[in-house]
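**Student:** Got a sequence here, can you build the structure:
(4 chains)
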Protein chains: 2
Amino acid sequence: MDQEILKKYSNVEECPVRNVLDRIGNKWTLLVLLVLEEEKVLRFNELHNYIVTISQKMLSVTLKSLEADGLVKRTIYPQVPPKVEYELTERAQSLLPHIHSLVDWSKDHINDIKASRKNYELVTKK
Amino acid sequence: MDQEILKKYSNVEECPVRNVLDRIGNKWTLLVLLVLEEEKVLRFNELHNYIVTISQKMLSVTLKSLEADGLVKRTIYPQVPPKVEYELTERAQSLLPHIHSLVDWSKDHINDIKASRKNYELVTKK
DNA sequence: ATTAAAACTAACTCTAAGGTTAGTATAACA
DNA sequence: TGTTATACTAACCTTAGAGTTAGTTTTAAT
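**Tutor:** Residues are numbered from 1 along each chain as shown, chains lettered A, B, ... in the order given. Below you'll find the model as predicted:
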């Protein structure tokens, strides 16, 4: 890895990975993606019923940023009271296998990692 | 995905994915992993020279958490001035392929994603 | 006339991640 | 004698992500 590439990629704006991980890495995005993958199409309040601990605001923010990135498609039905449906796009479908491989790795190693953390605490005495 | 699993995984402590992504998702972890993968073994200041924009504090914090998770091995040589070397563990090596698959996906789709974001801004007029 | 329903938004606060600056220990070297 | 080198840490400040509460819109049903 030469210096020029590194300098470039240390900058968030220009780093494709950071650009993507900044979204996926936040608190609710991954969960919303996985629920939509499973359920195919959901309305706002249906999603909220699946993920009960998220606030309306954060669900709204998360969906907006997924929509902005072209990972979620939002369909409004002109009714009162309103009806809005959310579903994954093809782009999201192409992302999901890679996410699942990370999910699987996490499940496979979480016990070891937690054991390491405990041991580290002991060794560093705090 | 049944309600019980969802309720359980909405909780950060118990969710293996969140446990791992919370680390990988932060600002510097991924970059440190990739530099160490490339360079094999590096001292603190050498790492700092590769990633010039990171502060000493954040490099220290990032390395500590990687060490705590058993992803980085830290070797101290009892010298003055001190010498400390960092390298990836096997656990990190087993993680890296999955990270690379995400990295590659990001590179492949970043242009489309940025185009989507721009278009979204236009459509939502702000 | 009042209430309900759905999908939000506004305005505010709180918290933790990240950044800045200065300082420590110790021996060797000029 | 004073400076340098290395790998940090302490104390402090700033900012952005996340949470809370209340309110909006519009029509239909009671």
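**Student:** C-alpha from now on. contacts and neighbour counts both.
**Tutor:** Fine.
**Student:** What segments of chain A are strands?
**Tutor:** In chain A, the strands defined using DSSP state E lie at A:41-43, A:72-77, A:83-88.
**Student:** List the contacts of stretch A:24-39.
**Tutor:** The contact list for stretch A:24-39 (C-alpha atoms under 8 Å, 6 or more residues apart in numbering or on different chains) reads A:23, A:42, A:47, A:50, A:54, A:58-59, A:62-63, A:66, A:86-88, A:92, B:1, B:10, B:21-22, B:24-26.
**Student:** if we go to 6 Å?
**Tutor:** Outside stretch A:24-39, the residues that touch it by C-alpha atoms under 6 Å, 6 or more residues apart in numbering or on different chains are B:G25.
**Student:** So which bits of it are buried?
**Tutor:** By neighbour count on 16 or more other C-alpha atoms under 10 Å in any protein chain shown, the buried set for stretch A:24-39 is A:24-25, A:27-37.
**Student:** Could you double-check that A:A92 sits in contact with A:K73?
**Tutor:** No. Taking C-alpha atoms under 6 Å as the definition, A:A92 is not a contact partner of A:K73, at 10.0 Å.
**Student:** Spell out which parts of chain A neighbour chain B.
**Tutor:** For chain A, the residues in contact with chain B (C-alpha under 6 Å from any C-alpha of the partner chain) are A:16-17, A:25, A:68-70, A:98, A:102-103, A:106-107, A:110, A:113, A:116-117, A:120.
**Student:** Go through the strands of chain A and name the closest to B:Q79.
**Tutor:** Smallest distance to B:Q79 across the strands of chain A (C-alpha to C-alpha): 55.3 Å, for strand A:72-77.
**Student:** Show the low-confidence segments of chain A, by residue range.
**Tutor:** A:1-14, A:125-126 (pLDDT under 70).
**Student:** Can you check which helix is longest in it?
**Tutor:** Across chain A, the longest stretch assigned as helix under DSSP state H is helix A:90-123.
**Student:** ok so, going back, out of the residues of chain A next to chain B, flag the one nearest to B:P82.
**Tutor:** Nearest member of the residues of chain A next to chain B to B:P82, counting by C-alpha to C-alpha, is A:Y120, at 21.4 Å.
**Student:** quick one, what contacts the closest one?
**Tutor:** Residues in contact with A:Y120 (C-alpha under 6 Å, 6+ apart) are B:A68.
**Student:** Try it again at 10 Å.
**Tutor:** Neighbouring residues of A:Y120 by C-alpha atoms under 10 Å, 6 or more residues apart in numbering or on different chains: A:114, A:126, B:64-65, B:67-70.
**Student:** Distance of the residue of chain A found nearest chain B relative to A:I76?
**Tutor:** Going by C-alpha to the nearest C-alpha, chain B is nearest to A:G25 of chain A, at 4.5 Å. According to C-alpha to C-alpha, to the nearest Å, A:G25 and A:I76 sit 28 Å apart.
**Student:** Measure how far stretch A:74-83 is from the centre of its chain, please.
**Tutor:** 25 Å (C-alpha atoms, centre = their mean, to the nearest Å).
**Student:** ignore the last one, stretch A:90-98
**Tutor:** In terms of C-alpha atoms, centre = their mean, the centre of stretch A:90-98 is set 12 Å apart from its chain centre.
**Student:** can I get the CA coordinates of stretch A:36-45 in CSV?
**Tutor:** Extracted C-alpha coordinates of stretch A:36-45, given in CSV (Å, rounded to 0.1, in the frame of the first residue of the first chain):
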residue,chain,number,x,y,z
LEU,A,36,-36.6,-6.3,5.1
GLU,A,37,-34.7,-9.2,3.6
GLU,A,38,-36.8,-11.6,5.6
GLU,A,39,-40.2,-9.9,5.2
LYS,A,40,-39.8,-8.5,1.7
VAL,A,41,-42.3,-5.6,2.0
LEU,A,42,-43.2,-3.7,5.2
ARG,A,43,-44.9,-0.5,6.1
PHE,A,44,-43.3,2.0,8.6
ASN,A,45,-45.3,0.8,11.6
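**Student:** Need the buried ones from the contacts of A:Y120 selected in PyMOL.
**Tutor:** This is how PyMOL selects the buried members of these, with burial counted by 16+ other C-alpha under 10 Å:
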select buried, (chain A and resi 114) or (chain B and resi 64+65+67+68+69+70)
